[in-house]
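**Q** here is my input, please return the structure:
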Amino acid sequence: MSDNQKTKSIFLTFLMFTSLCVGLISIPVASAVTTSGTITASETWSGTVNLNGNVTVAEGATLVINGGTRINIPAGDSLFVEGSICAGDITCGAGAPSSQGAPIRFVWADASGSGPGNCAGAPLNNPDPSCGSGIWLDYTVDVQKTKLNYVTLEGTYGIPVQVQNGVYRYGALVLNDASIDARGLDFSDVNTTNILVVGSAAPTISDSTLTLGVDGQNGGEYKLEDLIKKTLEIWGKNKSYHEKFIVLTGGEPLLQVDTQLIKELKKKNFYIALETNGTIKTKLKFDWVVVSPKENASWKLKNGDELKVVYPQNKINLKKALDLKFKYFFLQPMSNEFKQLNIIKTLNYCRSHKPWFPSFQIHKSLGTS
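**A** As a prediction, the model looks like this:
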């Protein structure tokens, strides 16, 4: 074989080898980002994501968000999750964990000067252009695959939720029967309610910072001394000691209440009651403690004055609960599409299982939020 032929043969062999190697190499391709509409499979967000409308994660689909991601959202638009969302948690699939220094940020645009928004018509008649913005986790969410780890919500007005006929509340993060785990949540420049828990949802939320909404009645961010001053102002100056009764409720109040708040309220002669879901143990001293556990949440605080259980909940053993250190035991009929049947079941159970006694959510009967 001539030198020329050998050269050609070697060159052809090299080309074939190179071609084979290229075929074995997987070149990563950036996955498409749904900026509006519906996510129907698995999708990952990283870096900066600019949405231009509402986004829905369909049932069975998964949205993974890596730590440090910023999601910019138009005023009035929302993220609706029916499937699962894994935000900054490697245990459910995030490639990069989020942290206090590298959170996942949902940032809503400023709508100042804009015309009426999504809630302008009946029945809300709310002209605010930002109305309707927030994150909604629906009852179909796969709680095993859903984690919120160091997530911040900035500049959201809130999603309206009808809590009774004609009565609406707004939530930046709405959990509609979605008992999820969340850690390191933070809210800034929100409207009213940070986390609105709907139905029988019992989320586990830790290491989070909640703020008072900036648009609601008496809303704002308060230093301790200003909060006490506002409390006394609302209460009025001519009340007696026995009338100074304050209930710390939520959301979960033990995410925010601390020793200094209790100490200052006591200085002003307030009788302090706590209403908690029992997911957080506490050494704080209250005058009255009401614990209302949920079957899908970790129940840790198992002593107090009143135990209130929404009925029926199959995972709570009512017989064993009577061995716990409570003075009173109440069953409340679950408020859902079987409300009337649940009332009958509650009354029948209490008749035959003393000392359980029926209790009713008066605010729902009155149509107040």
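
**Q** average pLDDT across stretch 285-301?
**A** Taken as a whole, stretch 285-301 has a mean pLDDT of 88.

**Q** now the terminal residues of that stretch, how far apart.
**A** End-to-end distance for stretch 285-301, by Cα to Cα, to the nearest Å: 13 Å.

**Q** can you give me the helices for the stretch 101-250 of the chain?
**A** 224-235 (DSSP state H, counting those that start in this stretch).

**Q** adjacent strands (with direction) for the longest strand along the chain?
**A** The residue-count maximum for a strand in the chain (DSSP state E) belongs to strand 167-176. Sheet pairing for strand 167-176, assigned by DSSP bridges, gives strand 134-137 (parallel), strand 159-164 (antiparallel), strand 193-198 (parallel).

**Q** tell me the bridge partners for L248.
**A** Beta-bridge partners, per DSSP bridges, of L248: L274.

**Q** distance of it relative to E306?
**A** 14 Å (Cβ to Cβ, to the nearest Å). (Each C-beta comes from the backbone N, C-alpha and C, glycine too.)

**Q** thinking V33 is in contact with W45, fair?
**A** Yes - here V33 lies in contact with W45, judged by Cβ atoms under 8 Å, at a distance of 6.2 Å.

**Q** more neighbours: those two, which one.
**A** Counted by other Cβ atoms under 10 Å, V33 and W45 do not tie: W45 has more neighbours, with 21 against 16.

**Q** so for the more buried one, what's the pLDDT?
**A** 97.

**Q** that one - nearest residue in space that isn't next to it in sequence?
**A** Once flanking residues are discounted, W45 sits nearest to I65: 4.7 Å by Cβ to Cβ, 6 or more residues apart in numbering.

**Q** look at that neighbour and report its pLDDT.
**A** At I65, pLDDT is 97.

**Q** so, low pLDDT: which residues of this structure?
**A** 1-31, 113, 212-221, 237-242, 250-251, 296, 361-369 (pLDDT under 70).

**Q** ok, which stretches of the stretch 251-369 of the chain are helices?
**A** Ranges of helices within the stretch 251-369 of the chain are 259-267, 318-321, 339-352, 362-366, based on DSSP H, counting those that start in this stretch.

**Q** for C131, which of those is the nearest?
**A** Distance to C131, taken as Cβ to Cβ, is lowest for helix 362-366 among these, at 23.6 Å.

**Q** OK, contacts around the closest residue to N336 other than its chain neighbours?
**A** Among residues not flanking N336 along the chain, G199 sits closest, at 6.9 Å (Cβ to Cβ, 6+ apart). Contacts here follow Cβ atoms under 8 Å, 6 or more residues apart in numbering; on that basis G199 touches Y139, N176, D177, N336.

**Q** ok, G199 to L137 distance?
**A** 12 Å.

**Q** how close does the closest residue to I280 other than its chain neighbours get to L248?
**A** Excluding the flanking residues, the one nearest I280 by Cβ to Cβ, 6+ apart is L254, at 4.2 Å. Per Cβ to Cβ, L254 is found 9 Å from L248.

**Q** anything in contact with each of these two?
**A** L274.

**Q** re earlier: shared neighbours, G199 and L137?
**A** N176.

**Q** in stretch 261-278, which residues are buried?
**A** L261, I262, L265, F270, Y271, I272, A273, L274, E275, T276, N277, G278 (16 or more other Cβ atoms under 10 Å).
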